[in-house]
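Asks: Sharing a model prediction with you, sequence too.
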Amino acid sequence: MNWNLSPAAIFAASPLVPVMVIDDLNQAVPMTKALAAGGITVYEVTLRTPAALQAIKAIREALPDALVGAGTVLNPQQYDAAVEAGAQFVISPGCTSELLVHARQNAVPLIPGVATPSDIMAAYSLGYDHLKFFPAEANGGAPALKAISAPLPQIRFCPTGGISPKNVHDYLALSCVGTVGGSWMLPADALKQGDWQRVTQLSKEAVELVKSLRR
Ligand SMILES: O=C(O)C(=O)C[C@H](O)[C@H](O)COP(=O)(O)O
């Protein structure tokens, strides 16, 4: 890999990565600032909405110190578009060989999604050792990740999908978990109302909780 940033550095930068779905471009910067005010420093903007690429660009411009990634990247074309928009890392829900091969040849790191030992083996054989375990809870949660990772102790994971303050401790108790992803600090009703204070408060609580569990 000849990446300009290591996935290890991304995992180390924050024990928590908020998963952002931005419907309204005007919300991109206030939403990120609300997360930042709660102590969050790394962001995943999912390419699930038409506003996502412009949102990444706007966030990079408004918060130059933020580490901003693109999520829900499904193919090389979306990888390139995300990088063009300013994404500093890329996350995918799965691990097609097309995407794995493409990202290896480029400068921006990819954290591919895996759900099975075969996925992990496919990604690892191409040099990927920082992976997203997705969808974490639906795949059996922390017990499943513990079992899956046992024969592959060199891999670090970012479990995502169904993680909340209720179960995050189960994941952070595992040595294979480097960071966790989730959207619980961005509840739909708060976003609808533009209630940024609530987002900041939930972010603060999330950061405190995750840091206390990582100690
Ligand atoms: O679209 C992607 O590539 C994703 O990353 C999916 C997200 O990881 C989950 O949607 C977040 O899960 P929740 O925290 O349960 O909301």
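Replies: Perfect, I can see it now.
Asks: The ligand contacts on this protein?
Replies: 19, 46, 48, 71-72, 93, 134, 160-163, 181-183 (CB under 6 Å from any ligand atom). To be clear about C-beta, it is placed using only N, CA and C from the backbone, and glycine gets the same treatment.
Asks: between these, which is closest to Val108?
Replies: Gly71 (13.3 Å; CB to CB).
Asks: was I right about that closest one contacting Leu47?
Replies: Yes: contact criterion CB atoms under 8 Å: Gly71 and Leu47 qualify, at 6.8 Å.
Asks: Can you pick out the most distant pair from the residues of the chain next to the ligand?
Replies: Greatest spatial distance in the residues of the chain next to the ligand: Arg48 and Ile163, 17.9 Å, computed using CB to CB.
Asks: Doesn't Phe157 lie inside a helix?
Replies: No: Phe157: not assigned to a helix; according to DSSP: H, G, I helix; E, B strand; the rest coil it is strand.
Asks: quick one: contacts for the closest residue to it other than its chain neighbours?
Replies: Leaving aside its sequence neighbours, Phe157 sits nearest to Phe133 (CB to CB, 6 or more residues apart in numbering; 4.7 Å). Neighbour list for Phe133: 113-115, 139, 145, 148, 157-160 [criterion: CB atoms under 8 Å, 6 or more residues apart in numbering].
Asks: For stretch 54-69, buried residues please.
Replies: For stretch 54-69, the neighbour count (16 or more other CB atoms under 10 Å) marks 55-60, 63, 66-69 as buried.
Asks: Which helix runs longest in the protein?
Replies: Scanning the chain for the helix with the most residues, using DSSP state H, yields helix 196-214.
Asks: What lies in contact with that one?
Replies: With contact meaning CB under 8 Å, 6+ apart, helix 196-214 is reached by 15-16, 18, 30-31, 33-35, 37-40, 165, 168-169, 172-173, 180, 182, 184-187, 190-191.
Asks: What residues of that helix count as buried?
Replies: 196, 198-204, 206-207, 209-210.
Asks: Let me know the closest of those to the ligand.
Replies: Among the buried residues of helix 196-214, Ala206 lies closest to the ligand (CB to the nearest ligand atom), at 11.1 Å.
Asks: Please look at Arg48 and Thr72 and confirm they touch.
Replies: Yes: shown here, Arg48 and Thr72 form a contact pair, counting by CB under 8 Å, at 5.1 Å.
Asks: More neighbours: these two, which one.
Replies: Shown here are Arg48 and Thr72; by other CB atoms under 10 Å, Thr72 has more neighbours (20 against 14).
Asks: Just the pLDDT at that one, thanks.
Replies: On pLDDT, Thr72 comes in at 98.
Asks: mind listing what it touches?
Replies: Residues touching Thr72, when contacts are defined by CB under 8 Å, 6+ apart, comprise 46-48, 91-93.
Asks: ok, so what distance separates it from Asp189?
Replies: 22 Å (CB to CB, to the nearest Å).
Asks: ok, now Ala70?
Replies: Ala70 is 25 Å from Asp189, where distance means CB to CB.
Asks: When the two are compared, which one has more neighbours?
Replies: Taking other CB under 10 Å, Ala70 and Asp189 do not tie; Ala70 has more neighbours (28 against 8).
Asks: Quick one: buried ones out of the contacts of helix 196-214?
Replies: In the contacts of helix 196-214, burial by neighbour count holds for 15-16, 18, 31, 33-35, 38-40, 168, 172, 180, 182, 184-186, 190-191, counting by 16+ other CB under 10 Å.
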